[in-house]
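>>> The following block contains a protein sequence and its predicted model.
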Amino acid sequence: MTARFIGVGPGSADLLTVRATRLIAHCGTCLFEGNSVTPEVLDLCPPAARLVDTTGMPLADVIAEIRSVAQRGGRVVRLFPGDPASHPGVFEETRALDAEHIGWQIVPGVPVVAAAAAALGVELTGPHGPGSAFITRVDDPSEPLASIARPASPDLTVVLHVRASHLAEVTRELIPAYGPDCPAGIVVSAGGEGESTVVGTLADIADRMVGTALSTDVVMVVGRILGVRGDDDEPAISREPGPASSPSPGTTPEPTPPSVVPTSARIPAAAPGRILVLGGTGEARRLADLMVAAGLDVVTSLAGKVSRPRLPRGEVLTGGFGGTEGLITWLRAHDVSAVIDATDPFSAEISASAIRAAHETGVPLLRVHSPPWTPEDGDDWIRVADTDAAAQLVRQRFRRPMLTVGRHGPTAFAGDTRGSYLIRCAEPPPGTLPHRYLLVLDRGPFGVESERTIMSRHRIDVLVTRNSGGPASIATLRAARDLRIPIVMVDRPADPYPAGGGPDGAGHLIDTVHLVDTVHSVDDAARWLVRRFGSR
């Protein structure tokens, strides 16, 4: 067994690395320190995982927890905010594990300083950035900061992790070294929910912070990079407009003073009203997280088919609206500026309701459409119309099928007394199942190697899946291709978004050309929002 020391970044689950997400999703025991890890990260743990809060726990007890898991042959992850390399305690624990002959691995996370630089829109080193950066943590503001962080040249940028309660004192200590006019920026909740930035000078940054909600720790950036950008770049941060007069010949214009820059300044200038996301997919979750981080009013609707879904940021409604008429009523009652249909392609009824509701209310509708997969060289596909047809084919030709057809799909295979099934879904499927089956409750993401392992171990002779498109199941398809396992591919239902207008899923005639825009990625959806509502 190998203990995994995982950096969870600034706190948002969508800033985890793919490796970190996969390891957390497969753990049996998760060790973490209280409020340093957000609930949305802990929600990635399997439902049966054991969660251990190590706040105040002595080192010996932490090692004892890991040793206990190792003796059982289980999987243990140890979560740290930001990157583990910034926590001296990590290496104390790894040395203790070495003494116990227990393997360990460090999985890097997004450092908070990287999130802070991204929030301010600056490069810490580079063609337009400073020559170097000095990064440190200030736990005791009584230390002689001026001598520790005094720049060797004007090109040095100083980045400080500071307790919010020490900000004023730290700023006073830095003024003698840098001067009162040196640009300074504060990032609150860098990379997390409620992220905001305040930019000014060392002389006025404390006054600019008045009224800003502060977390326990903040990141302070000091240096001229906050007032410099490349000639061909867009401004990294917003500025107050300077005087209209032109500078005298042969003189250098005064730099425009920095200003308070909340992160939400990057959303449209005339911010839209509420945006409804019809969700349930990874794309919907990522899009909602992105919009909430930008300060938009987002509500995500989930159908309620999964009792413990992965929740996006922002407000969440579960259980639907009571049909098309209920959705129409809700849109009219909640000042909705746009509807984004990011549902699974197999949720055709929901999409049809979205089309009708948009038509009745005039609310713009965006469809986030993952193109279907197509066979690649080496694939052996057998295409069927629905899961009933897939079940009939499997009974006739295969004995060890692997089903990845959603939570409700396996019931179509009920009554099969010959096959031995491996069924994988996020939660136990309702209804009757085949006579012989092994149920694996897991929601991914999955890697190609692990997929090949599970298929080989269970001697799978056919993979049955739905053509949902997107990246989520690419590893599963590739593993089947590598092992030369045929794939029974369930085709999508009829598209409720007919090109050029036509009847929707309920038989209503709708001009979809003027009603609906379609994009194929979360990034394209974000660009659609900017185009429609503007940007400042």
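Ah, there it is.
>>> In contact with Ala475: list those residues for me.
Pro445, Phe446, Gly447, Val448, Ser450, Glu451 (C-beta atoms under 8 Å, 6 or more residues apart in numbering). C-beta coordinates here come from the backbone N, C-alpha and C atoms, glycine included.
>>> Helices of the stretch 351-500 of the chain, residue ranges please.
Using DSSP state H, counting those that start in this stretch, the helices of the stretch 351-500 of the chain run over residues 387-397, 448-457, 474-482.
>>> Most neighbours among the contacts of Ala475, please name it.
Counting neighbours by other C-beta atoms under 10 Å, the top entry in those is Glu451, with 25 neighbours.
>>> That one reaches Ile474, doesn't it?
No. The pair Glu451 and Ile474 does not pass the contact test of C-beta atoms under 8 Å, sitting 9.9 Å apart.
>>> rewinding a little: out of the helices of the stretch 351-500 of the chain, which gets nearest to Asp491?
Comparing these against Asp491 with C-beta to C-beta, the closest turns out to be helix 387-397 (9.3 Å).
>>> List the contacts of that closest one.
Contacts to helix 387-397, defined as C-beta under 8 Å, 6+ apart, come from residues 382, 384, 401, 405, 409, 412-413, 416, 418-419, 462, 464, 466, 488, 490.
>>> Please identify the buried residues of stretch 322-340?
Residues Thr324, Leu327, Ile328, Trp330, Leu331, Val336, Ser337, Ala338, Val339, Ile340 are the ones in stretch 322-340 that count as buried (16 or more other C-beta atoms under 10 Å).
>>> Closest to Ser12 out of the residues you listed?
Ile340 (19.9 Å).
>>> From the contact counts, what lies against the host helix or strand of that closest one?
Assigning secondary structure by DSSP states H and E places Ile340 in strand 336-341. Packing contacts for strand 336-341, counted by 3 or more C-beta pairs under 8 Å, 6 or more residues apart in numbering; DSSP states H and E, involve strand 274-278, helix 348-361, strand 365-368, helix 522-533.
>>> partner strands of it, parallel or antiparallel?
Note on strand 336-341: by DSSP bridges, its sheet partners are strand 274-278 (parallel), strand 365-368 (parallel).
>>> Serialize these to a markdown table and add fields for distance to Arg286, mean pLDDT and mean neighbour count.
Listed next are the strands paired with strand 336-341 as a markdown table, based on distance: least, C-beta to C-beta, whole Å; pLDDT from 0 to 100; neighbours: other C-beta atoms under 10 Å:
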| stretch | distance to Arg286 | mean pLDDT | mean neighbour count |
| --- | --- | --- | --- |
| strand 274-278 | 11 | 92 | 24 |
| strand 365-368 | 10 | 91 | 24 |
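>>> could I get those as a markdown table with distance to His101?
Formatted as a markdown table, the strands paired with strand 336-341 follow (distance: least, C-beta to C-beta, whole Å):
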| stretch | distance to His101 |
| --- | --- |
| strand 274-278 | 49 |
| strand 365-368 | 50 |
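>>> First-to-last residue distance for stretch 81-89?
End-to-end distance of stretch 81-89 (C-alpha to C-alpha, to the nearest Å): 12 Å.
>>> on that earlier part again, filter the contacts of helix 387-397 down to just the buried residues.
With neighbours counted by 16+ other C-beta under 10 Å, these contain buried members at 384, 401, 405, 409, 412-413, 416, 419, 462, 464, 466, 488, 490.
>>> OK, contacts around Leu42?
So Leu42 contacts Cys30, Phe32, Leu51 (C-beta under 8 Å, 6+ apart).
>>> What subset of those is buried?
Using 16+ other C-beta under 10 Å, the buried ones in these are Cys30, Phe32.
>>> What is the nearest of the contacts of Leu42 to Thr197?
For these, the minimum distance to Thr197 (C-beta to C-beta) is 27.6 Å, reached by Phe32.
>>> Just the pLDDT at Asn467, thanks.
pLDDT recorded at Asn467 is 94.
>>> Pro249 now?
Predicted confidence (pLDDT) for Pro249: 39.
>>> got the contact list for the nearest residue to Asp297 once chain neighbours are set aside?
Computed as C-beta to C-beta, 6 or more residues apart in numbering, the closest residue to Asp297 that is not its neighbour in sequence is Arg274, at 4.7 Å. Residues near Arg274 by C-beta under 8 Å, 6+ apart: Asp297, Val298, Val299, His334, Asp335, Val336, Ser337.
>>> ok, now with 7 Å
For Arg274, the contact set (C-beta atoms under 7 Å, 6 or more residues apart in numbering) comprises Asp297, Val299, His334, Asp335, Val336, Ser337.
>>> Name the spans of this structure whose pLDDT lies under the cut-off.
For the chain, the stretches flagged by pLDDT under 70 are 126-131, 139-155, 211-216, 227-272, 304-308, 498-515, 533-536.
>>> Per the annotation, how does it divide into domains?
The record assigns the chain these domain ranges, following automatic domain parsing: 2-110, 113-231+256-266, 274-371+504-533, 381-490.
>>> and those as TSV, adding distance to Pro496?
As requested, these are exported to TSV (distance: least, C-beta to C-beta, whole Å):
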stretch	distance to Pro496
domain 2-110	29
domain 113-231+256-266	34
domain 274-371+504-533	4
domain 381-490	16
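>>> what about Arg332, which helix or strand?
Using DSSP H and E, the element containing Arg332 is helix 324-333.
>>> What are the contacting residues of that helix?
Phe321, Ser353, Arg356, Ala357, Glu360, Thr361, Val363.
>>> again, only using 8 Å
Residues outside helix 324-333 that contact it (C-beta under 8 Å, 6+ apart): 276, 320-321, 336, 339, 352-354, 356-357, 360-361, 363, 506.
>>> for it, the distance to its chain's centre please.
Helix 324-333 has its average C-alpha position 29 Å from the chain's average C-alpha position, going by C-alpha atoms, centre = their mean, to the nearest Å.
>>> Let me know how buried Ala70 is, in neighbour terms.
Neighbours of Ala70 under the rule other C-beta under 10 Å: 19.
>>> Once you drop chain neighbours, what's closest to it?
With sequence-adjacent residues excluded and distances taken as C-beta to C-beta, 6+ apart, Ala70 is closest to Met1, at 4.5 Å.
>>> now swap in Phe134 and tell me
Val158 (4.9 Å).
>>> Surely the one you found and Val138 touch.
No. The pair Val158 / Val138 is not scored as a contact, 10.4 Å apart, by C-beta under 8 Å.
>>> How far does stretch 426-433 stretch from one end to the other?
Using C-alpha to C-alpha, first and last residues of stretch 426-433 are 16 Å apart.
>>> Roughly how far does Gly469 sit from Glu33?
Separation of Gly469 from Glu33 (C-beta to C-beta, to the nearest Å): 39 Å.
>>> Also Arg532?
Where Glu33 is concerned, Arg532 sits at a distance of 43 Å (C-beta to C-beta).
>>> again with Ala303
35 Å.
>>> what's the answer for Val448, then?
On the measure of C-beta to C-beta, Val448 and Glu33 end up 33 Å apart.
>>> and if you look at Leu302?
30 Å.
>>> check contacts around Tyr421.
The contact partners of Tyr421, taken as C-beta under 8 Å, 6+ apart, are Arg400, Pro401, Met402, Leu403, Pro410, Phe413, Leu433, Pro434, Arg436, Tyr437, Leu438.
>>> do Pro312 as well
Applying C-beta under 8 Å, 6+ apart to Pro312 gives the contacts Val277, Gly279, Ala284, Arg285, Ala288, Asp289, Val292, Val298, Thr300.
>>> partners of the last one in the sheet?
Partner residues in beta bridges with Thr300: Val277, Val316, with DSSP bridges as the criterion.
>>> count of neighbours near the nearest residue to Ser86 once chain neighbours are set aside?
Leaving out its chain neighbours, the residue that sits closest to Ser86 by C-beta to C-beta, 6+ apart is Pro111, at 6.5 Å. Pro111: 22 surrounding residues under other C-beta under 10 Å.
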